[in-house]
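Chemist: 3D model of this:
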Amino acid sequence: MTQWTQVTEEVAEALAQRRPVVALETTLVSHGFSDGLGLAAATESERRVREAAQTGADVLAVCCPYEVSRFSDAVKATGHDELRVCDVIELVDEAMRGATDHG
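Modeler: I've put the predicted structure just below:
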């Protein structure tokens with residue numbers, strides 16, 4: 001952990017064990033959904049969660065704090081509770097701490 005971020009136990013464990021971690025990037029959300037796009041965005045999120053689960057990933061990394069709740073909801077809706085959703089900055093933090101620890 002640094003003064004700016006905290007890495008969840010699930011992300012740290014997945015990285016330490018060199019298990020797959022999937023980073024999800026999306027352009028569906030910027031500052032909320034336009035009228036009528038909420039269902040389409042939820043459907044797309046659920047599709048992407050299913051795809052990630054098929055890879056055997058344990059962690060889904062997203063690029064925006066708003067995406068964490070959206071993909072967490074998709075994880076619950078699809079029944080893939082084995083997947084942990086986190087912000088990509090957590091992975092950056094982990095990588096930086098790992099590089100610092102070795103040098």
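Chemist: quick check: longest helix of this protein.
Modeler: helix 38-54 (DSSP state H).
Chemist: tell me what the next helix or strand after it is packed against?
Modeler: Sequence-wise, the next helix or strand downstream of helix 38-54 (DSSP states H and E) is strand 59-62. Packed against strand 59-62, as judged by 3 or more Cβ pairs under 8 Å, 6 or more residues apart in numbering; DSSP states H and E, are the following elements: helix 9-16, strand 21-24, helix 65-78, strand 84-87, helix 88-101. For every residue, glycine as well, the C-beta is placed using N, CA and C.
Chemist: Swap in 10 Å and give it another go.
Modeler: Under the contact criterion of 3 or more Cβ pairs under 10 Å, 6 or more residues apart in numbering; DSSP states H and E, strand 59-62 touches helix 9-16, strand 21-24, helix 38-54, helix 65-78, strand 84-87, helix 88-101.
Chemist: Give me the contacts around it.
Modeler: For strand 59-62, the external contacting residues (Cβ atoms under 10 Å, 6 or more residues apart in numbering) are 8, 10-15, 19-26, 29, 45, 48-49, 52-53, 67-72, 74-75, 80, 83-92.
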